[in-house]
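Visitor: Quick one: sequence plus predicted model below, questions after.
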Amino acid sequence: MRLANNRFHIALFFGVLLVSGEARAAQLATSFEVGLATVNPARASLDLLLVGFRVGSIKPFVPGVDWSIAVAPAAFREGFLLAKSALDLTYPISLGCGAILTPRTGLSALAGVGSGGAGAVAGYNVGVGLVARAGPRWAVRLDITQDWFLGERFTPIVTIGFLWLRSAPPATSPPAPPHASAPCWARHPSLVPHRPVS
């Protein structure tokens, strides 16, 4: 079983390397995130709080790479550092009206460092994010991630982040069409509510 897991991790790692070339042409976005290692509001507490940083591709329908790292502030009270990182393949999907769905899967790592020593374990994950554009260079991102370490399922992690694009639209962009300032639903006929005919 361990040999099969190692082969899976190696194949996934090289898959990330192959797609990383495409990611250079993708639209990269950076975000600071906070989250909880639970999806149950009744179990939410500061002991489960995570603070992190993410860089990922969000250009729709272009495969890319998503990298994240987060630490647990509560661990500092116990005198050690606990961090989790992930390197994923992602394929953003446009939902219209500035919303982008970002399904992803890849490798995970959980590491701890303290006075008694250090240790780390590798795993894998699947996750999905929802990016809601709030301007040319700003957005809000909501993510949920499920990790597996040593064959065991880890607690799901839910995060929310404030995201900005690493590059603004080119200055030579063509002028916006006259209807560009209209509400999103008004620019998409399929989203316009239909009133019953009396």
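Guide: Looks like it arrived, so ask away.

Visitor: Below-threshold pLDDT in this structure: ranges please.
Guide: Counting by pLDDT under 70, the chain shows low-confidence ranges at 1-26, 39, 41, 44, 166-198.

Visitor: In it, mark out all the strands, start to finish.
Guide: Along the chain, the stretches classed as strands by DSSP state E are 28-36, 49-57, 64-71, 80-90, 93-96, 99-114, 117-133, 138-149, 152-153, 157-165.

Visitor: what sits against the nearest residue to Thr159 once chain neighbours are set aside?
Guide: Leaving out its chain neighbours, the residue that sits closest to Thr159 by CB to CB, 6 or more residues apart in numbering is Gly35, at 3.0 Å. To be clear about C-beta, it is placed using only N, CA and C from the backbone, and glycine gets the same treatment. Neighbouring residues of Gly35 by CB atoms under 8 Å, 6 or more residues apart in numbering: Leu49, Leu50, Gly52, Ala70, Asp143, Ile157, Val158, Thr159, Ile160.

Visitor: Which pair of those spans the longest distance?
Guide: Leu49 and Asp143 (15.1 Å; CB to CB).

Visitor: Tell me which of the two has more neighbours.
Guide: Legend: neighbour count by other CB atoms under 10 Å for Leu49 and Asp143, higher for Asp143 (24 against 16).

Visitor: is that one in a bridge, and if so with what?
Guide: Beta bridges link Asp143 to Gly129, Thr159, judged by DSSP bridges.

Visitor: ok, so what distance separates it from Ser94?
Guide: Distance of Asp143 to Ser94, given as CB to CB, to the nearest Å: 17 Å.

Visitor: likewise Ile144?
Guide: For Ile144 relative to Ser94 (CB to CB), the value is 20 Å.

Visitor: do Glu78 as well
Guide: 44 Å.

Visitor: which of the two has more neighbours?
Guide: Ser94 (14 against 10).

Visitor: Hmm, Phe61 and the more buried one touching each other?
Guide: Yes - in this structure, Ser94 is within contact of Phe61 by CB atoms under 8 Å, at 7.0 Å.

Visitor: which ones are touching the residue lying closest to Thr102 once chain neighbours are set aside?
Guide: In this structure, Thr102 finds its nearest non-sequential neighbour in Gly129, 4.0 Å apart by CB to CB, 6+ apart. Gly129 sits next to Gly56, Leu101, Thr102, Arg104, Arg141, Leu142, Asp143, Ile144 when contact means CB under 8 Å, 6+ apart.

Visitor: since we're on the last one, how many residues are nearby?
Guide: The local packing of Ile144 (other CB under 10 Å) involves 15 other residues.
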